[in-house]
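S.K.: Fold the following and give me the result.
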Amino acid sequence: MVKQLSLFNQPSLNVGKKLKEQMALSARNSKYSREELLDRMNDLASRYGVRLVRGNGNGLTMATLEKWLNPEAMEHTPGINSLMVFCAALDDLEPMREVLAPLGGMLIDEDDVKLLLWAKEYHRAKDARIRMRKLEMEL
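M.R.: Numbers count the residues shown, from 1 in each chain. Below you'll find the model as predicted:
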């Protein structure tokens with residue numbers, strides 16, 4: 001569900017610069033060199049049939065990757081499928097968080113999902129105990 005945006009306190013929906021800044025940070029903080037990242041992205045793209053760049057190119061080049069990671073090169077931004085491959089290659093969802101944040105969206109991992117499911121069941125059980133107590137008092 002999308003959170004209603006406020007007219008007076010609206011975050012920018014232009015996420016390009018923040019996305020590219022986070023991509024650069026994620027690449028810098030990763031255990032992979034730029035060359036390794038490039039190879040991983042091209043391997044993943046090939047394996048999953050994702051086209052990383054337009055045109056007749058066979059794969060992502062270092063020059064294009066560097067442009068994607070440069071927040072000042074706004075005319076070179078990866079498409080959504082390329083962003084997915086980038087995040088998968090680094091095993092890092094932070095760039096996706098930048099895309100979702102202005103809409104109030106959040107990404108959660110498997111542990112958070114388990115915790116949320118537990119919390120829902122806990123509250124369901126708690127509500128059931130309250131209903132049972134009320135019924136018991138009526139007996």
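S.K.: Look through this structure and tell me its longest helix.
M.R.: helix 110-138 (DSSP state H).
S.K.: roughly how far is that one from the heart of the chain?
M.R.: Centre-to-centre, helix 110-138 and its host chain are 31 Å apart (CA atoms, centre = their mean, to the nearest Å).
S.K.: And the helix or strand Leu83 falls within, what does it pack against?
M.R.: Per DSSP states H and E, Leu83 falls inside helix 80-90. The contact analysis (3 or more CB pairs under 8 Å, 6 or more residues apart in numbering; DSSP states H and E) places helix 80-90 against helix 16-29, helix 34-48, helix 94-100. Quick note: C-beta positions are derived from backbone N, CA and C, even for glycine.
S.K.: 10 Å - rerun?
M.R.: Counting contacts by 3 or more CB pairs under 10 Å, 6 or more residues apart in numbering; DSSP states H and E, helix 80-90 packs against helix 16-29, helix 34-48, helix 62-68, helix 94-100.
S.K.: closest to Tyr122 out of those?
M.R.: Each of those has some distance to Tyr122 by CB to CB; the shortest is helix 94-100, at 26.9 Å.
S.K.: Show me what counts as buried in that closest one.
M.R.: By neighbour count with 16 or more other CB atoms under 10 Å, helix 94-100 contains the buried residues Pro95, Met96, Arg97, Glu98, Val99.
S.K.: Let me see the domain layout of this structure.
M.R.: Domain segmentation of the chain under automatic domain parsing yields 16-107, 108-139.
S.K.: Wait, Lys18 touches Pro71, no?
M.R.: Yes: counting by CB atoms under 10 Å, Lys18 does reach Pro71; the two are 8.3 Å apart.
S.K.: What average pLDDT does the helix holding Leu83 get?
M.R.: If you average the pLDDT over helix 80-90, you get 96.
S.K.: Ok, stretch 130-138 next?
M.R.: Mean pLDDT, stretch 130-138: 93.
S.K.: buried ones in it?
M.R.: Buried residues in stretch 130-138 (16+ other CB under 10 Å): none.
S.K.: And the pLDDT at the residue nearest the centre of the chain?
M.R.: Residue closest to the average C-alpha location in the chain (CA atoms, centre = their mean): Met96, at 2.4 Å. At Met96, the pLDDT value in this model is 95.
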